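*Asks:* Predicted model follows, preceded by the sequence.
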Amino acid sequence: GALGVGKTRFVQSFAQALGVRQAVRSPTFSLVHEYTEIVPPLVHMDMYRMRSEREAWDFAHYFDGEAVCIVEWASRIKGLLPEHRLDIAIAYAQEGGEEARVWTCEARGARYAVLLDAMRLDGGV
């Protein structure tokens, strides 16, 4: 999503739902924040400042572990992302003269298709 669309706010809500109690902030300048107080840990990445996948290569190891990884600006490192994942896009929209958000979720792989279907059945998507 674009700047200010609500990516970090989504991560804050997601982290809270997982049980993270500490403040969740955008890792724009540090690039990665790890929340290890929960199991599995949550890893929040912001790739906005990455100019190439090569610059982000050191962060690819996070995808090999058990951590739940959320990547803002993931389009900048597409080639490093795991094959199986859930892609979430947030975009601005206008509804009745008011600014709104449109969420698009795409499952990549059977595990995430099941997860996405469960979210839809629960009314979450």
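*Replies:* Good, I have the coordinates.

*Asks:* in the helix or strand hosting Ala93, what's buried?
*Replies:* Here Ala93 sits within strand 85-95, counting by DSSP states H and E. Of all the residues in strand 85-95, those buried under the rule 16 or more other CB atoms under 10 Å are 85-86, 88, 90. (C-beta placed from N, C-alpha, C; glycine too.)

*Asks:* what's in contact with it?
*Replies:* Outside of strand 85-95, the residues within contact range by CB atoms under 8 Å, 6 or more residues apart in numbering are 1-2, 5-7, 10, 74, 99-109, 112, 115-116.

*Asks:* And the pLDDT for Asp122?
*Replies:* Looking at Asp122, its pLDDT reads 68.

*Asks:* and stretch 14-31, average pLDDT?
*Replies:* Averaging pLDDT along stretch 14-31 yields 93.

*Asks:* Compute the first-to-last residue distance for it.
*Replies:* 18 Å (CA to CA, to the nearest Å).

*Asks:* same question, stretch 102-120
*Replies:* With CA to CA as the measure, stretch 102-120 spans 15 Å from end to end.

*Asks:* doesn't Asp46 make contact with Asn72?
*Replies:* Actually, residue 72 is Glu rather than Asn. Yes - the pair Glu72 / Asp46 is scored as a contact, 4.5 Å apart, by CB atoms under 8 Å.

*Asks:* got any residues that touch both of those two?
*Replies:* Contacts common to Glu72 and Asp46, judged by CB under 8 Å, 6+ apart, are Ser26.

*Asks:* of those two, who's got more company?
*Replies:* Set side by side, Glu72 and Asp46 show more neighbours around Asp46, with 24 against 19, by other CB atoms under 10 Å.

*Asks:* and the more buried one, what does it touch?
*Replies:* By CB under 8 Å, 6+ apart, Asp46 lies in contact with 26-28, 31-32, 71-73.

*Asks:* So which of these are in strands?
*Replies:* Judged by DSSP state E, the subset of those located in strands is 32, 71-72.
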